[in-house]
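Engineer: Could you work out the structure for the sequence below:
(one chain, ligands or ions: 2)
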Amino acid sequence: MQIPIINRSRHPLPAYQTEHAAGLDVHANLAEPVTLKPLQRALIPTGLFMAIPVGYEMQVRPRSGLAYKHGISIVNSPGTIDADYRGELKVLLVNLSETDFVVQDGERIAQLVVARHETIAWEPAEELSETARGAGGYGSTGMQ
Ligand SMILES: O=c1ccn([C@H]2C[C@H](O)[C@@H](COP(=O)(O)OP(=O)(O)OP(=O)(O)O)O2)c(=O)[nH]1
Ligand SMILES: [Mg+2]
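Structural biologist: Numbering: from 1, shown residues only. Ligands and ions are numbered 1, 2, ... in the order given. Sure thing, here's the model as predicted:
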């Protein structure tokens, strides 16, 4: 699938790092580094603008390496980019570690996954079909 994109950053387009990767790594586009103190969050610009085809969404997901090594995650993970959004793609990073983390210009801060989605219409009902689970949840089947 092709997705129209405008790149106003100084960096390459988001790219798959391996042949069958699901996510395209996206770069921070910063005039200067951003320091995230513990539990601090920041909206990191990418300089990218795109037109996702109708019927698809883009998910903005954390990178596991940044999460494991530095406690960097995404507050609204997975972020949702709508097909009708034409603004700049931004990534809402949060520092969940106990030490400062510096986001550098050009750093691969997140990965983008494009997924198909349904558009539904509600069908108001008085009763729902019966199932073995019923209303059980939140650990109702046990923890092991
Ligand atoms: O991580 C994200 C999440 C969202 N967006 C952009 C694209 C998305 O289409 C738009 C709105 O996102 P969302 O619906 O999650 O936010 P909202 O708080 O509901 O804002 P709105 O009222 O504008 O929909 O913001 C980003 O750039 N990065
Ligand atoms: Mg919204």
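Engineer: quick one: which helix or strand includes Ala67?
Structural biologist: The secondary structure element spanning Ala67 is helix 64-70 (assigned by DSSP states H and E).
Engineer: CA atoms only: put that helix into CSV for me.
Structural biologist: The C-alpha atoms that make up helix 64-70 are tabulated as CSV, following Å, rounded to 0.1, in the frame of the first residue of the first chain:
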residue,chain,number,x,y,z
SER,A,64,11.1,-2.2,23.2
GLY,A,65,14.8,-1.3,23.3
LEU,A,66,14.1,2.2,24.6
ALA,A,67,11.6,0.8,27.0
TYR,A,68,14.0,-1.8,28.4
LYS,A,69,17.2,0.2,28.5
HIS,A,70,15.8,3.6,29.4
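Engineer: which residues touch that helix?
Structural biologist: Judged by C-beta atoms under 8 Å, 6 or more residues apart in numbering, the contacts made with helix 64-70 from elsewhere in the structure are 72-73, 95-97, 101, 109. C-beta here means a position set from N, CA and C on the backbone, and glycine is covered the same way.
Engineer: So which of those residues belong to strands?
Structural biologist: If you go by DSSP state E, those have 72-73, 95, 101, 109 in strands.
Engineer: contacting residues around the most centrally placed residue in the chain?
Structural biologist: Centroid-nearest residue in the chain: Val60, 1.4 Å away (criterion: C-alpha atoms, centre = their mean). When contacts are counted by C-beta under 8 Å, 6+ apart, Val60 is found next to 26, 74, 76-81, 89, 91, 110-112.
Engineer: One more: Met1?
Structural biologist: With C-beta under 8 Å, 6+ apart, Met1 has these contacts: 53, 56, 114.
Engineer: I figured the second one hits Glu118, correct?
Structural biologist: In this case it means Tyr56. No - judged on C-beta atoms under 8 Å, Tyr56 makes no contact with Glu118 at a distance of 11.1 Å.
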